[in-house]
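# sequence unknown, structure follows:
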């Protein structure tokens with residue numbers, strides 16, 4: 001009878017291990033499939049959003065070109081064509097420079113990404129102090145002679 005109990009215990013342990021592995025594999029498969037489907041859906045949405053941004057950028061580029069052409073043609077009514085084209089190019093260059101400067105964070109104005117920190121008060125530059133040395137007595141110098149005052153020979 002003892003032998004049968006041992007076989008039953010081994011059988012129960014083996015069945016438990018098999019059931020545990022089957023459940024574990026099933027859960028892994030479900031999680032893998034669920035994550036794959038979720039990521040596929042997210043990437044589909046991101047691709048659509050990126051395509052819409054690209055389309056908006058292309059349309060904006062064409063609109064800017066048409067606006068620059070209209071500005072150049074309006075200026076060309078009163079000036080030669082080459083001058084109108086030059087003025088249009090300069091205006092577009094200034095606009096590009098202003099947009100670049102607006103996109104670049106500067107130390108003077110805080111941006112939304114960087115917290116504003118008040119500047120430390122500026123103190124005037126200080127001159128370094130000369131180290132104080134104790135007076136020394138020179139045995140070869142007569143008393144009452146100041147070494148910093150120039151002396152004349154013969155006196």
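Ah, there it is. All of these numbers come straight from a predicted model, not from anything done at the bench.
# any stretches of the protein with poor pLDDT?
Along the chain, the model assigns pLDDT under 70 to residues 1-7, 107-125, 127-128, 130-145, 147, 151-155.
# ok, longest helix in it?
Ranked by residue count under DSSP state H, the longest helix found in the chain is helix 2-76.
# okay, angle between the helix or strand following it and helix 2-76 too, please.
Downstream of helix 2-76, the next assigned helix or strand under DSSP states H and E is helix 81-103. Using axes from the mean of the first three to the mean of the last three CA atoms, to 10 degrees, the direction of helix 81-103 lies 140 degrees away from that of helix 2-76.
# next, the buried residues of helix 81-103.
Within helix 81-103, the residues scored as buried using 16 or more other CB atoms under 10 Å are 84, 88, 92. Where you see a C-beta, it was placed from the backbone N, CA and C, and this is true even at glycine.
# try stretch 11-25
For stretch 11-25, the buried set under the neighbour-count rule, 16+ other CB under 10 Å, is empty.
# please identify which helix or strand holds residue 148.
Using DSSP H and E, no helix or strand contains residue 148.
# I'd like to know how many residues surround it.
Using other CB atoms under 10 Å, residue 148 has 4 neighbouring residues.
# separation between residue 22 and residue 16?
The spacing between residue 22 and residue 16, counted by CB to CB, to the nearest Å, is 11 Å.
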